[in-house]
Every structure is written in C-alpha cells, then in structure tokens.
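Trainee: How does the following fold in three dimensions:
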Amino acid sequence: MAIRRDGLSPAKFGATTDTLIDKLLAPGARIGVSPPKVDPLGDYTLKLFQLIDRIRPGSAAAMQARAVVLDTPPGAQPPKSGDTDVDAIPDGRADARIVYCSGRDRYARLLPNASLVEFPAALRVGPDYGLAVLKDAHPAAVLLALTILSPAGQKIMVDRGFRAVTLPSD
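Mentor: Take a look at the predicted model:
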C-alpha cells in the first residue's frame, strides 16, 4: 500500500488535479514544503519536483527556488491553529502546501475554504508499505491482517489516502 501526497491550497489558488502542475509552476507561487532529511514528506516532495522536471525540464529548480520550508522547530511558538501547514496559507507564507492526504479531515476542519487536490498518478511518490504476519504470531494478528485486506478494510485504507491492493483500481 502507498499513501498519496496532495496539494493543499486556498480555493482562490484554483488548482485541480489537471492544473496543479501549472499552478505550482506559476511565477511567484510559493510552495510550502516539509524540511528534507528531517521529515520524509520533504524528501518525497523533492522526488515530486524531479518527476515534474521530467515533464517540464527546468521546473524542479524553479519550484525549489520558491519553496518555503514550513516547520515548527523545538522551542518555537506553537502554530495558532495547532497546525503549521494550515497557518502558512492564511498567513500568506505559502500559496500551496504539499501534504499527506491522510490529514484531509483535519485540513477541512481547520481551513474550510481550502482545497485538497490529488496529484496525477504519474506524480505520486512515497513509500510502499508492506503487511506481513509472523509465523508464530498471535491469532489476532492474522485476523487484523485479513481485516485490512478485506474489501471493507481496503475501503477504510482508501478513505485514509492509501491505494487499495486487493480492490480493482479506477
């Protein structure tokens, strides 16, 4: 299973899955990113920039130049909303933010006028998660694995931003 990355932006940014690359490449568009090597999302974002660069040569450097690293380091004042990603948009520090789609419900609650836009399939980066049950595992572990792999379990995983592995893909 792999989790999707999405773009979080105010509705006025006007991004859709089809226009997201153009919006991110627009002159002056500030892209909120996580710090690479500190947060895996930052590393995935660098890979995302490289994939976009294959489609639009030279774009990775342009996006990196406009990237705004968003982080709340230890000892810093906590974010007003409780979420650094959310605060960066109304505060005007970023026009869009690369985020995990698993935060969809939190973003909708904290930033109701924002859009969470899914990247096209060709631009999805990140880990592939495995599932294994050890030979001498407790029977409940087997039940959990089977539940996750069941149609109902896969629907829950999809609702949380993961791609289903046992259901037909769209």
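
Trainee: Show me how far the helix or strand of the chain with the lowest mean pLDDT is from its chain's centre.
Mentor: In the chain, no helix or strand scores lower on mean pLDDT, DSSP states H and E than strand 5-10, which sits at a mean of 75. Its chain's average C-alpha position is 7 Å from that of strand 5-10, according to CA atoms, centre = their mean, to the nearest Å.

Trainee: now do stretch 11-18
Mentor: Centroid separation for stretch 11-18 versus its chain: 15 Å, with CA atoms, centre = their mean.

Trainee: for that stretch, how far is the first residue from the last?
Mentor: 15 Å (CA to CA, to the nearest Å).

Trainee: and it, average pLDDT?
Mentor: Taken as a whole, stretch 11-18 has an average pLDDT of 85.

Trainee: Which of the helices or strands spans Thr147?
Mentor: Assigned by DSSP states H and E, Thr147 falls within helix 139-149.

Trainee: can I get the CA coordinates of that helix in CSV?
Mentor: C-alpha atoms of helix 139-149 as CSV (Å, rounded to 0.1, in the frame of the first residue of the first chain):
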residue,chain,number,x,y,z
PRO,A,139,-4.2,-15.3,16.1
ALA,A,140,-5.5,-11.8,16.5
ALA,A,141,-2.6,-10.6,14.2
VAL,A,142,-3.9,-12.9,11.5
LEU,A,143,-7.4,-11.6,11.9
LEU,A,144,-6.1,-8.0,11.7
ALA,A,145,-4.2,-8.7,8.5
LEU,A,146,-7.2,-10.4,7.0
THR,A,147,-9.4,-7.4,8.0
ILE,A,148,-7.0,-4.9,6.4
LEU,A,149,-7.0,-7.0,3.2
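
Trainee: same for that helix, what does it pack against?
Mentor: helix 151-159 (3 or more CB pairs under 8 Å, 6 or more residues apart in numbering; DSSP states H and E). Heads up, the C-betas are built off the backbone N, CA and C, glycines and all.

Trainee: and the helix it packs on, how far from the chain's centre?
Mentor: 18 Å.

Trainee: quick one on the thing from earlier: listing partners with orientation, what would you give for the least confident helix or strand of the chain?
Mentor: For strand 5-10, the paired strands and their directions (DSSP bridges) read strand 96-100 (antiparallel), strand 114-118 (antiparallel).
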